[in-house]
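Peer 1: Provide a 3D model corresponding to the input given below.
(4 chains)
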Protein chains: 2
Amino acid sequence: MKGHFSIGEAARASGVKVPTIRYYEEIGLLPSPPRTEGGRRSYGAEDMRRLAFIRHARELGFEIDAIRTLLQLQDNPNQSCAAADAIARDHLVAVERRIASLTALQAELMRMVEGCSHGHVAGCRVIEILADHGECRHHHGPAETTAGSAPAFADRL
Amino acid sequence: MKGHFSIGEAARASGVKVPTIRYYEEIGLLPSPPRTEGGRRSYGAEDMRRLAFIRHARELGFEIDAIRTLLQLQDNPNQSCAAADAIARDHLVAVERRIASLTALQAELMRMVEGCSHGHVAGCRVIEILADHGECRHHHGPAETTAGSAPAFADRL
DNA sequence: CTAATTCCTCTAGTGACTAGAGGAGCAAGC
DNA sequence: GCTTGCTCCTCTAGTCACTAGAGGAATTAG
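Peer 2: Predicted coordinates for the structure are as follows:
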């Protein structure tokens, strides 16, 4: 095993792009590595492990802040793992909600494209469904979100 | 039917927040409405319809640029609706891909939280799975994405 | 007439990067 | 030694679709 890796090697090994690695350093997710004489970053095996951890967690959709917490937990393994469990559980719930609402969305989009007559825009089902909100089972509007202003758009569920 | 609505009324009716409406105007998605003597925006019925259209399309996860195209199509209904159909179809494909990958993710997260021994971090399955990338069925790494650098993180699928 | 609410413009911030400018280090070949 | 080409450095600014807040003006209710 080598003891030092350039940022490019780290990028190739982890699948995280070079500027992203620098970005992770900037926001304090990855420690600033020592530099070579010429001023280049030199990563050790521990850094490589950390980077793989981050990459995997990001791949699973964990937010940077969650990863920060997870990394802290990993750093002192004597703590209770309840926090890690809670983070993963919360994320699972979020993912399940996202799946549910994307599935509803999928149904509506399928109705759209199936109903499309492939003629002209006047009478196009895609446009019509978007224009007539009453036709779909989505619900929103005044006096429904109590006060807190819930955006509830599809891409953040 | 009223012929003029304040931005607040438009917001309540459409479910789009006031600053967001102004933002839509700024980026040219919504036309700049006439103003009252005091300089306030005054929306007509057509604006209200357009806003509802936008809101619904956003709710379905269409991007602003796609909505722009869709609105242009709606504005001259003599065109072929092939473009609208293509946009909806593309979006459907994207949604289906997203569902598939979120479902895989869900399975992995379930493995994580089910395997958690609720003890200490040393031996916590959540942390372990994140650290040992080999354990999961996700795949990445060098020499797999040919050249174009595909990020492939979960939240953009 | 006052107080509360709504509205205005403007700037800056969010998350998680990505893109590009402009320059310097470094290895290999000639 | 010199050039070529790659990788690396820092820095700024841009992405998307908003959101937050300052500071002030207009409208509305009582």
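Peer 1: backbone dihedrals for the residue nearest to A:I64 when sequence neighbours are not counted, please?
Peer 2: Excluding its sequence neighbours, the residue lying closest to A:I64 (Cβ to Cβ, 6 or more residues apart in numbering or on different chains) is A:L29, at 6.5 Å. No exception for glycine: its C-beta is placed from N, CA and C like everyone else's. As for A:L29, its main-chain torsions (degrees, to the nearest 10) stand at phi -80, psi -30.
Peer 1: burial count for A:L29?
Peer 2: Using other Cβ atoms under 10 Å in any protein chain shown, A:L29 has 17 neighbouring residues.
Peer 1: so what's it up against?
Peer 2: A:I54, A:I64, A:I67, A:R68, A:L71 (Cβ atoms under 8 Å, 6 or more residues apart in numbering or on different chains).
Peer 1: the first one and B:M48: what is the separation?
Peer 2: In other words, A:I54. Distance, A:I54 to B:M48, using Cβ to Cβ, to the nearest Å: 46 Å.
Peer 1: between those two, point out the one with more neighbours.
Peer 2: Each of A:I54 and B:M48 has its neighbours counted (other Cβ under 10 Å); A:I54 has more, 24 against 17.
Peer 1: report pLDDT for the more buried one.
Peer 2: At A:I54, the pLDDT value in this model is 94.
Peer 1: so it is in which element?
Peer 2: If you go by DSSP states H and E, A:I54 is part of helix A:45-59.
Peer 1: does anything pack onto that helix? Which helices or strands?
Peer 2: Packing partners of helix A:45-59 (3 or more Cβ pairs under 8 Å, 6 or more residues apart in numbering or on different chains; DSSP states H and E): helix A:7-14, helix A:18-26, helix A:64-75, helix B:125-131.
Peer 1: what are the phi and psi angles of the residue nearest the centre of chain A?
Peer 2: With distances taken as Cα atoms, centre = their mean, the residue of chain A nearest its centroid is A:G61 (3.6 Å). Backbone torsions of A:G61, given as degrees, to the nearest 10, read phi 90, psi 10.
Peer 1: now do A:G39
Peer 2: Torsion angles at A:G39 (phi, psi; degrees, to the nearest 10) stand at phi 90, psi 10.
Peer 1: tell me which residues touch it, please.
Peer 2: By Cβ under 8 Å, 6+ apart, A:G39 lies in contact with nothing.
Peer 1: mind checking pLDDT for it?
Peer 2: Here, the pLDDT recorded for A:G39 equals 93.
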